[in-house]
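[1] Fold the following.
(one chain, ligands or ions: 1)
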Amino acid sequence: MNILEDKWEEVLTTVKIEHELSQISFDTWLKPLTILKYDKEGNKTYILVPQGDMGLNYISKKYTLPIKVAIAEIAGIECDIEFILPEQAKNIVVEDAPKSPSALSNDIIEKSNLNPKYTFDTFVVGGNNKFAHAASLAVAESPGEIYNPLFIYGGVGLGKTHLMHSIAHFILEENPSTKVLYVTSESFTNELIEAIRNGNNAVMKKFREKYRNIDVLLIDDIQFIIGKESTQEEFFHTFNDLHGAKKQIIISSDKPPKEIQTLEARLRSRFEWGLIADISSPDYETRMAILRKKEEMDGYNIDDKVIQYIATNIKSNIRELEGALNKLMAFSNLENREINVALAEEALKDIISPDEKREVTPDLIITTVAEHFHVSETDLKGPKRSSDIVLPRQIAMYLCREMTDIPLEAVAALMGKKDHSTVINGCKKITEKMQSSESVSNAIEIIKKKINPG
Ligand SMILES: Nc1ncnc2c1ncn2[C@@H]1O[C@H](COP(=O)(O)OP(=O)(O)OP(=O)(O)O)[C@@H](O)[C@H]1O
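    Take a look at the predicted model:
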């Protein structure tokens with residue numbers, strides 16, 4: 001515990017005394033506040049506000065200065081303060097995670113396009129992924145030497161991307177100067193379309209150099225380039241160049257090569273040159289272990305029965321398994337209620353339906369869109385107007401309308417909008433963009449498959 005946390009109660013009591021607050025004001029506004037984090041470097045204290053949007057607004061207007069002053073008086077720290085809602089708290093805590101599972105510098109992680117959390121250390125090995133894990137480790141230990149390409153396949157949200165990134169981290173930790181590039185086949189396709197559209201040889205040359213001048217290429221969800229002739233052609237040449245130079249190629253897909261119907265025979269045979277490993281749905285023990293790992297990483301301490309409840313009811317998709325835990329934590333923080341099975345049943349009723357029918361819920365849509373565009377769910381539902389948020393937000397609205405029966409007003413409320421005309425406009429924009437922009441229609445096709453693989 002740091003000095004601020006240690007003295008927090010005293011800070012709040014000081015505000016109460018100095019500003020002559022009534023007990024009811026104190027109990028309502030100040031007592032529930034806790035320190036989320038004191039960021040020494042940024043000289044900022046993040047204070048968790050469990051009272052929701054309205055509470056946050058009121059408290060920050062009325063108590064920012066009094067709390068700042070009391071912190072300086074009692075703890076001797078002169079810092080800025082920021083009030084944070086529970087659903088935003090995860091981002092803050094993660095940003096400051098004392099050690100990222102990856103030992104690589106941010107620069108390398110960014111250049112290679114990796115997620116710092118996806119390492120072998122954080123990957124739980126179970127019966128469903130034992131072979132794929134072993135194959136991945138073998139490739140990570142001897143890139144370009146034994147199994148080339150490595151082809152990992154399996155259903156949605158089962159850990160293919162996590163494993164690919166783990167390989168990349170491992171290789172870079174062994175040898176940081178290796179040129180490693182992770183790319184989704186969607187980005188590969190979009191970049192290629194851009195290069196072709198540009199019609200400029202220099203742009204095409206740059207594209208080719210980027211992909212052929214690397215040591216390890218990881219290409220995710222290859223099924224999305226299949227059926228697009230020019231992309232298959234380009235990828236075929238990229239593959240040959242890299243493979244010929246003994247550079248490691250790692251591919252993921254939702255199906256094995258022989259079941260990808262539109263895959264050209266010459267590519268299929270190349271994909272089968274190396275090693276093919278599958279990941280299937282996790283069994284109960286593995287689901288429990290994954291939830292426990294997540295609990296440990298996020299610093300939660302949740303009753304066994306609750307973990308068992310989630311692991312028993314969410315079976316086929318690890319993304320949903322993790323999403324359920326996140327949702328439960330946010331629900332408990334917001335409502336300031338203890339986590340138990342009853343609360344889990346209430347919080348997760350949209351995800352876990354009694355007849356076990358898997359429904360497409362707005363929550364799942366929002367989570368998948370946020371993950372696809374690497375933006376936070378809070379931003380997606382918030383007021384930000386920057387283009388990197390607006391497009392995903394409109395896509396989420398569009399998909400809620402297309403894939404669920406919920407009324408316009410409810411979509412608006414979910415996306416933090418007062419007026420449902422925003423949703424109508426958003427959907428209209430997306431319908432137009434799907435006609436005019438291949439990258440938007442591609443993205444929507446991919447997200448829809450992730451939400452509802454059937
Ligand atoms: N064995 C595991 N141990 C720990 N976390 C896992 C494991 N498998 C999957 N996850 C987590 O589940 C989430 C989904 O995994 P990931 O994105 O790798 O799935 P995917 O198979 O690539 O899905 P998609 O087909 O949608 O691209 C990630 O947050 C990942 O960290």
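[2] Next up, the contacts around whichever residue of the stretch 1-150 of the chain sits closest to the ligand.
    Nearest residue of the stretch 1-150 of the chain to the ligand, counting by CB to the nearest ligand atom: residue 124, 3.6 Å away. The C-beta positions use only the backbone N, C-alpha and C, and glycine is treated the same way. Going by CB atoms under 8 Å, 6 or more residues apart in numbering, residue 124 touches 286, 289-290, 293.
[3] could you redo the last one with a cut-off of 6 Å?
    Residues near residue 124 by CB atoms under 6 Å, 6 or more residues apart in numbering: 289-290, 293.
[4] Kindly report the same for residue 252.
    Residue 252 sits next to 152, 160, 164, 220 when contact means CB under 6 Å, 6+ apart.
[5] That one: which element?
    Secondary structure from DSSP states H and E places residue 252 in strand 248-253.
[6] would you put the C-alpha positions of that strand in CSV?
    Output of strand 248-253 as CSV, limited to C-alpha atoms (Å, rounded to 0.1, in the frame of the first residue of the first chain):
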residue,chain,number,x,y,z
GLN,A,248,9.3,-18.6,-41.0
ILE,A,249,5.7,-18.2,-41.9
ILE,A,250,2.9,-18.8,-39.4
ILE,A,251,-0.7,-18.8,-40.6
SER,A,252,-4.0,-19.1,-38.8
SER,A,253,-7.4,-19.9,-40.2
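[7] right, and the helix or strand after it?
    As assigned by DSSP H and E, the chain's next helix or strand after strand 248-253 is helix 265-271.
[8] Counting neighbours, which bits of that following helix end up buried?
    Using 16 or more other CB atoms under 10 Å as the test for burial, helix 265-271 gives 267, 270-271.
[9] Not counting it itself, show me its contacts.
    If you take CB under 6 Å, 6+ apart as the criterion, helix 265-271 is touched by 151, 236, 239, 257.
[10] Please identify which two of the residues you listed are farthest apart in space.
    151 and 236 (15.1 Å; CB to CB).
[11] Looking at those two, which has the bigger crowd around it?
    Between residue 151 and residue 236, counting by other CB atoms under 10 Å, residue 151 is the more crowded of the two (23 against 14).
[12] So the more buried one belongs to a helix, correct?
    No - Residue 151 sits outside any helix when classified using DSSP: H, G, I helix; E, B strand; the rest coil, being strand.
[13] pretty sure it is touching residue 276, no?
    Yes - with contact defined as CB atoms under 6 Å, residue 151 reaches residue 276; the gap is 4.6 Å.
[14] so which helix or strand takes in the closest residue to the ligand within the stretch 351-454 of the chain?
    Residue nearest to the ligand within the stretch 351-454 of the chain (CB to the nearest ligand atom): residue 450, separated by 4.5 Å. Following DSSP H and E, one finds residue 450 within helix 438-451.
[15] So which elements touch that helix?
    Where contact means 3 or more CB pairs under 6 Å, 6 or more residues apart in numbering; DSSP states H and E, helix 438-451 is packed against helix 185-198, helix 362-373, helix 420-436.
[16] if we can go back for a sec, quick one: which of the contacts of residue 124 sit in helices?
    Secondary structure from DSSP state H places 289-290, 293 of the contacts of residue 124 in helices.
[17] tell me the phi and psi of residue 360?
    The phi/psi pair for residue 360 (degrees, to the nearest 10) reads phi -80, psi 120.
[18] Quick check: the gap between the residue nearest to it when sequence neighbours are not counted and residue 317.
    Nearest in space to residue 360, with sequence neighbours left out and distances taken as CB to CB, 6 or more residues apart in numbering, is residue 403 at 4.9 Å. From residue 403 over to residue 317 the distance is 16 Å, taken as CB to CB, to the nearest Å.
[19] who's in contact with residue 19?
    residue 66.
[20] swap in residue 131?
    residue 277.
[21] rerun at 10 Å
    When contacts are counted by CB atoms under 10 Å, 6 or more residues apart in numbering, residue 131 is found next to 152, 275-280.
[22] for residue 89, same thing?
    When contacts are counted by CB under 10 Å, 6+ apart, residue 89 touches 36-37, 46, 48-50, 329-330, 333, 378.
[23] Residue 81 sits in which helix or strand?
    strand 80-84.
[24] Sheet partners, orientation included, of that strand?
    Taking DSSP bridges as the criterion, strand 80-84 sits next to strand 44-48 (parallel) in its sheet.
[25] about what we covered before: tell me how far the residue nearest to the residue of the stretch 351-454 of the chain closest to the ligand when sequence neighbours are not counted lies from residue 317.
    Among residues not flanking residue 450 along the chain, residue 368 sits closest, at 5.1 Å (CB to CB, 6+ apart). Distance, residue 368 to residue 317, using CB to CB: 10 Å.
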